[in-house]
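S.K.: Sequence and predicted model, in that order:
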Amino acid sequence: MKLEFSTVILCGGAGSRLWPVSRENRPKVFMPVASQKSLLSETAQRIASANPWLCVLTSESLGFQVLADLKEAGQAAELTLIEPLRRNTAPAVLFAALAAKAAGRGAIPMLILPADHVIHDKVGFEMAVSKAVDFANAGHLVTFGIPPTHAETGYGYLKLGSPARTSSNAEARVVDQFVEKPAASLAEQYVAAGNFHWNSGMFCFTPETFLSVAEQIAPALSKQVLACWQATTKNDADSSGNAITEKTLLLDEKTMAAIDDISLDYAIMEKAPNVVSVNASFDWDDVGSWDALAKHFPEDEQGNASEGKAIFIDSNNTFVFGRERLIAAVGLDNLIIVDTPDALLVTAKGHSQSVKKVVEKLNQAKDERGTYHSTVHRPWGTYTIIEEGPDYKIKRIVVHPGARLSLQMHHHRNEHWVVISGNAEVVNGDKTLLLKTNQSTYIPKETQHRLSNLGTIPLVIIEAQVGDYLGEDDIVRFEDQYGRA
């Protein structure tokens with residue numbers, strides 16, 4: 001009999017331990033790992049054969065990238081919930097449960113999947129999901145416990161208790177305790193004890209059961225989320241007539257600001273009385289660091305591995321990741337080297353959990369390399385920083401056919417635009433210009449302007465910015481077809 005369940009994919013977080021490839025504006029969910037597909041599309045593909053109702057939750061800055069990534073992979077979600085503010089996993093799952101219930105799926109089990117896991121054993125995954133759906137139908141909140149292969153300090157653990165069964169004889173274990181990421185010595189004790197599994201961050205339950213438990217255990221949080229949901233659906237109904245059938249729903253920012261920032265484990269799962277864990281014995285990795293990611297690439301006889309073109313001379317146990325240029329590793333041992341157009345990471349193996357501290361320092365220094373790549377994705381296309389200095393920045397801008405940037409103004413910079421290919425429609429103050437290849441225009445600061453591609457091929461321009469401040473936050477938007485004004 002075919003399983004019936006809904007799926008929720010949580011697509012957020014910065015993946016800062018995988019910097020410089022993963023950054024806040026383009027995090028690891030868009031990275032391919034030993035595959036040509038992104039982690040997000042791999043996650044969606046994993047449940048595609050079951051043809052479930054699919055809901056994706058993501059942030060406002062990533063929403064258009066999520067939709068584009070799924071479309072490129074030939075996949076689509078019935079509903080995409082866009083969060084204007086980050087409020088962690090507990091509110092996210094509560095929103096998903098309310099959405100599923102509103103869509104008439106309140107009694108149907110809901111599978112919660114992070115977007116950034118690597119799972120190759122599809123058969124083992126489907127068997128575990130089948131057991132989880134059985135327990136969810138029986139009124140349980142279900143986790144997926146991963147039998148540990150080593151004493152890992154980067155994962156939380158589940159302390160397992162007595163066996164549990166459903167009427168269909170599905171097997172699970174009662175969860176006695178959720179345990180935070182332990183120190184190395186404690187992790188070794190957990191593995192030796194035999195009744196501790198890694199907490200995978202995957203869950204299954206019916207929306208009705210979950211909402212009921214949440215109302216009892218976290219009543220304040222439940223009320224906060226419900227208030228935001230009601231404001232969101234009222235706002236959307238006022239404008240479109242039907243909130244639930246819309247493909248994309250932007251959650252109400254004003255009421256969302258009042259929601260507690262708290263994880264699903266802390267808020268609900270650790271306190272719930274009916275939690276069981278399905279034995280997820282399939283291969284699993286949340287690729288939370290470069291050490292973890294390196295294990296997914298084949299090694300040579302000296303233990304070296306690479307993504308991209310690399311040459312190893314007298315080197316051992318070294319991993320190289322770089323897609324832009326040749327990397328030669330000579331006389332190295334036990335290192336990880338990650339090369340991107342604007343940043344290079346070199347770390348000893350075993351220390352990659354500390355890479356997030358690099359991002360913290362960049363953010364403290366207001367260095368945009370903690371957030372953005374040199375190529376930045378926007379709803380209308382991309383821009384790539386070619387060169388920059390104290391008072392200038394040069395970009396290559398690509399605008400998709402039929403797309404347009406917002407009508408905007410800058411307080412601190414002047415801009416020079418040169419068309420490289422395609423045809424541009426430019427609003428420059430009170431004038432509208434049609435520019436072809438090798439034509440240009442100058443836009444003084446404080447001048448309203450807009451760039452549009454009315455053609456059928458990508459529009460490419462070179463933009464030279466000159467001014468005393470060139471940050472991306474110096475943008476005043478007056479009109480925008482992507483809702484950013």
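M.R.: Perfect, thanks for sending it.

S.K.: Show the low-confidence segments of this protein, by residue range.
M.R.: Applying pLDDT under 70 to the chain flags the ranges 1-2, 34, 51, 236-246.

S.K.: Domain-wise, how is it divided?
M.R.: 6-279, 299-354, 374-479 (automatic domain parsing).

S.K.: for those, which one ends up most surrounded?
M.R.: domain 6-279 (a mean of 19; mean count of other C-beta atoms under 10 Å). Where you see a C-beta, it was placed from the backbone N, CA and C, and this is true even at glycine.

S.K.: distance between the ends of it?
M.R.: 21 Å (C-alpha to C-alpha, to the nearest Å).

S.K.: Over to stretch 408-417?
M.R.: End-to-end distance of stretch 408-417: 15 Å, with C-alpha to C-alpha as the criterion.

S.K.: among the domains of the chain, which is nearest residue 363?
M.R.: Residue 363 lies closest, by C-beta to C-beta, to one member of these: domain 6-279, at 8.8 Å.

S.K.: any chance of the domains of the chain in CSV, with distance to residue 291 too?
M.R.: CSV is the format used below for the domains of the chain (distance: least, C-beta to C-beta, whole Å):
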stretch, distance to residue 291
domain 6-279, 9
domain 299-354, 5
domain 374-479, 25
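
S.K.: Relative to residue 287, which of the ones you listed is closest?
M.R.: Closest among the domains of the chain, using C-beta to C-beta: domain 6-279, at 5.6 Å.

S.K.: As a check, name the ranges of all strands in the stretch 151-300 of the chain.
M.R.: Taking DSSP state E, counting those that start in this stretch as the test, the strands found in the stretch 151-300 of the chain are 157-165, 171-179, 196-205, 248-250, 275-279.

S.K.: and the last one, what other elements does it pack with?
M.R.: Judged by 3 or more C-beta pairs under 8 Å, 6 or more residues apart in numbering; DSSP states H and E, the packing partners of strand 275-279 are helix 122-137, strand 141-146, strand 157-165, strand 171-179, strand 196-205.

S.K.: need those in TSV with distance to residue 19, can you?
M.R.: Formatted as TSV, the helices and strands packed on strand 275-279 follow (distance: least, C-beta to C-beta, whole Å):
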stretch	distance to residue 19
helix 122-137	29
strand 141-146	25
strand 157-165	26
strand 171-179	28
strand 196-205	21
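
S.K.: Which one, of the ones you listed, ends up nearest to residue 461?
M.R.: strand 196-205 (42.7 Å).

S.K.: which secondary structure elements does the closest one contact?
M.R.: strand 110-114, helix 122-137, strand 141-146, strand 157-165, strand 171-179, strand 275-279.

S.K.: Pull up the pairing partners for that strand, direction included.
M.R.: Sheet pairing for strand 196-205, assigned by DSSP bridges, gives strand 110-114 (antiparallel), strand 141-146 (antiparallel), strand 157-165 (antiparallel).

S.K.: Next, the angle helix 122-137 makes with the second one.
M.R.: Between the axes of strand 141-146 and helix 122-137, defined by axes from the mean of the first three to the mean of the last three C-alpha atoms, to 10 degrees, the angle is 150 degrees.

S.K.: got it, and the shortest one?
M.R.: An angle of 130 degrees separates the directions of strand 110-114 and helix 122-137 when computed by the same axes, to 10 degrees.

S.K.: which residues are contacting strand 110-114?
M.R.: 5-10, 43, 46-47, 52, 93, 96-97, 100, 129, 132-133, 136, 201-207, 210, 264, 286 (C-beta atoms under 8 Å, 6 or more residues apart in numbering).

S.K.: Export it to CSV, keeping only CA atoms.
M.R.: C-alpha atoms of strand 110-114 as CSV (Å, rounded to 0.1, in the frame of the first residue of the first chain):
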residue,chain,number,x,y,z
MET,A,110,4.0,15.2,8.1
LEU,A,111,7.7,14.4,7.4
ILE,A,112,10.1,17.2,8.5
LEU,A,113,13.4,17.2,6.6
PRO,A,114,16.3,19.7,6.7
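
S.K.: what separates it from the chain centre, distance-wise?
M.R.: Relative to its chain's centre, strand 110-114 lies at 14 Å (C-alpha atoms, centre = their mean, to the nearest Å).

S.K.: And for the last one?
M.R.: Offset of strand 157-165 from its chain centre (C-alpha atoms, centre = their mean): 30 Å.

S.K.: okay, the angle between it and strand 171-179?
M.R.: If you take the same axes, to 10 degrees, strand 157-165 sits at 150 degrees to strand 171-179.

S.K.: can you list contacts of strand 157-165?
M.R.: 135, 140, 143, 145, 148, 171-179, 182, 187, 190, 195-199, 276-277.

S.K.: picking up where we left off before, indicate which one of the domains of the chain is closest to residue 367.
M.R.: Short answer: domain 299-354, nearest of the domains of the chain by C-beta to C-beta, at 9.8 Å.

S.K.: The closest one: end-to-end distance?
M.R.: End-to-end distance of domain 299-354: 24 Å, with C-alpha to C-alpha as the criterion.

S.K.: Residue 455 reaches residue 403, doesn't it?
M.R.: No: counting by C-beta atoms under 8 Å, no contact exists between residue 455 and residue 403, whose distance comes to 10.5 Å.

S.K.: Residue 82: which of the helices and strands packed on strand 196-205 is closest?
M.R.: strand 110-114 (17.6 Å).

S.K.: Now the phi/psi pair for the nearest residue to residue 349 once chain neighbours are set aside, please.
M.R.: Nearest-residue entry for residue 349: residue 334, 4.8 Å, with adjacent residues in sequence omitted and distances by C-beta to C-beta, 6 or more residues apart in numbering. Backbone torsions for residue 334, taken as degrees, to the nearest 10, come to phi 60, psi 40.

S.K.: Could I get the strands of the stretch 151-300 of the chain in JSON lines, plus columns for distance to residue 447?
M.R.: As requested, these are exported to JSON lines (distance: least, C-beta to C-beta, whole Å):
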{"stretch": "strand 157-165", "distance to residue 447": "58"}
{"stretch": "strand 171-179", "distance to residue 447": "56"}
{"stretch": "strand 196-205", "distance to residue 447": "48"}
{"stretch": "strand 248-250", "distance to residue 447": "30"}
{"stretch": "strand 275-279", "distance to residue 447": "59"}
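
S.K.: With residue 479 as the reference, name the closest of those.
M.R.: Nearest to residue 479, of all the strands of the stretch 151-300 of the chain, is strand 248-250, at 17.5 Å by C-beta to C-beta.

S.K.: List the strands paired with the closest one, with their directions.
M.R.: Here strand 248-250 has these sheet partners by DSSP bridges: strand 79-83 (parallel).

S.K.: Off-centre distance for the helix or strand following the strand it pairs with?
M.R.: As assigned by DSSP states H and E, the chain's next helix or strand after strand 79-83 is helix 89-102. Counting by C-alpha atoms, centre = their mean, helix 89-102 is centred 17 Å from the centre of its parent chain.
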